[in-house]
Each structure stands twice: as structure tokens, then as C-alpha cells.
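[1] make a model of this:
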Amino acid sequence: MAEAEEKEVRINNRIRAREVRLIGADGQQIGIVPFWDALRMAEEAGLDLVEISPMAAPPVCRIMDYGKFKYEKNKRAKEAKKHQFVAQLKEVKIRYKTDEHDLQTKIRQAREFLMEGHKVKFVMYFRGREIQFAGLGQQTMERIAAELMDVGVLERPPRMETRMLAMYLLSKGPVARKKPEEGDAQDEVQ
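    A predicted model of the protein is given here:
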């Protein structure tokens with residue numbers, strides 16, 4: 001997609017307009033000038049003539065170092081990508097007869113996922129004749145949802161899908177974990 005955008009930007013001799021609204025290298029408005037005069041001014045400055053707004057009448061062009069412009073644009077895009085957060089779907093598998101301690105461990109894992117800003121899918125599988133205990137599974141899922149309401153929101157309540165019971169929880173947003181301050185740590189030691 002970035003390559004398609006780069007192809008649309010016309011520079012120097014690829015600009016097709018007879019007249020252009022010119023912006024100088026330092027950012028000041030020069031005005032409407034013939035294309036060849038604008039190109040000559042850019043060459044004298046040792047820079048490129050770049051078409052900024054091709055749909056304007058007349059098109060807006062700027063005198064700039066196009067290579068430096070592209071480099072800085074890519075650098076900003078990489079920096080923005082580095083700081084963005086992509087929520088993932090985390091799946092937690094349980095059974096209707098999962099022991100209480102194991103269930104609490106799974107809930108704690110799900111709580112961490114939700115605190116990080118991810119989406120959590122709880123799945124409870126039923127094998128063979130276990131399907132008759134779907135009511136117990138429903139109760140367990142509702143209890144899990146109630147325990148996680150402080151960090152998550154129920155996106156889809158527990159629902160049967162073939163031989164499994166599935167429930168989706170959305171995060172209320174990434175939560176910054178509070179680090180204990182040095183003064184607090186000293187109080188605990190004494």
C-alpha cells in the first residue's frame with residue numbers, strides 16, 4: 001500500500017500542470033508560477049519539486065529534498081507502529097469438572113490478559129455424555145464472568161456452540177500496573 005502512495009506523488013519532470021502554486025524550501029508562499037520556472041527554481045536550490053496537492057487548481061508544489069522527506073515519513077510511520085497496541089484474542093480452555101484451584105489459576109491468567117488490553121474467550125468442551133452437564137458449565141461460566149467484571153466487560157454471554165460452551169470478555173482497557181514505591185518497600189521490611 002505504501003508503494004501505491006509513493007507512485008501517486010509526482011516529482012520534477014513528472015508533474016503535468018502548466019502552472020503550479022509554489023511553496024518555497026523554507027515554507028513561504030511564492031505564488032502561482034509557470035511549471036518550468038518552478039522546476040528551474042528547485043534545480044537552482046539543488047532540491048526537488050514535489051507535487052503536494054495534485055487535485056487543487058492549480059496543483060500545489062513544494063521545493064524540498066524528496067529523499068529526506070521520504071526517509072522522515074518512513075521513520076515517523078515506524079515510530080507510530082512501534083507505539084500502537086494490537087489486542088489479541090486469548091483463549092482459556094476449561095472443563096465443567098475443573099477443580100477450584102485450577103479454575104482460580106485460569107481466572108488469574110484471564111485477569112492478566114484483560115489488564116493488558118486483550119480479549120479473552122473462555123471455552124468449555126464437553127465429550128460424549130458430558131453434554132448433559134451443560135447446566136453446570138453454564139453456572140461455572142457465569143461465576144467466572146462475575147469474578148472478572150472489575151477488569152472486563154461481557155461481550156457475549158456463555159452460549160453453546162455444538163459441543164462447547166463459549167463466552168467472550170472484552171477488556172476495559174490496558175491497566176498500568178502500580179510499582180511499589182521505595183518508601184512502601186521499606187515500611188514492609190521493618
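[2] CA atoms for contacts and neighbours, from now on please.
    Will do.
[3] buried ones in stretch 139-150?
    Using 16 or more other CA atoms under 10 Å as the test for burial, stretch 139-150 gives T140, M141, I144, A145, L148.
[4] out of these, which are inside helices?
    Per DSSP state H, helices hold the following members of those: T140, M141, I144, A145.
[5] where does the closest residue to the third one other than its chain neighbours fall, secondary structure wise?
    Excluding its sequence neighbours, the residue lying closest to I144 (CA to CA, 6 or more residues apart in numbering) is I107, at 6.9 Å. According to DSSP states H and E, I107 maps onto helix 100-116.
[6] over to K82?
    With secondary structure defined by DSSP H and E, K82 is part of helix 66-83.
[7] partners of the following helix or strand past that helix in the sheet?
    Once the chain leaves helix 66-83, the next helix or strand it forms, by DSSP H and E, is strand 89-94. The partner list of strand 89-94 in its sheet, established with DSSP bridges, is strand 119-125 (parallel).
[8] quick one, the partner strand and helix 100-116 angle?
    For strand 119-125 and helix 100-116, the angle between their directions (axes from the mean of the first three to the mean of the last three CA atoms, to 10 degrees) works out to 150 degrees.
[9] send the alpha carbons of strand 119-125 over as CSV?
    Once non-C-alpha atoms are left out, strand 119-125 reads as follows in CSV (Å, rounded to 0.1, in the frame of the first residue of the first chain):
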residue,chain,number,x,y,z
LYS,A,119,-9.9,-10.0,24.5
VAL,A,120,-10.5,-13.4,26.3
LYS,A,121,-12.5,-16.3,25.1
PHE,A,122,-13.4,-18.9,27.7
VAL,A,123,-14.2,-22.3,26.1
MET,A,124,-15.6,-25.3,27.9
TYR,A,125,-15.6,-28.6,26.0
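[10] what average pLDDT does that strand get?
    On average, the pLDDT along strand 119-125 is 93.
[11] give me the contacts around it.
    Outside strand 119-125, the residues that touch it by CA atoms under 8 Å, 6 or more residues apart in numbering are 87-96, 110, 113-114, 137, 141, 163-171.
[12] please repeat the previous calculation with a cut-off of 6 Å.
    Contacts with strand 119-125, where a contact means CA atoms under 6 Å, 6 or more residues apart in numbering, come from 89-95, 164-171.
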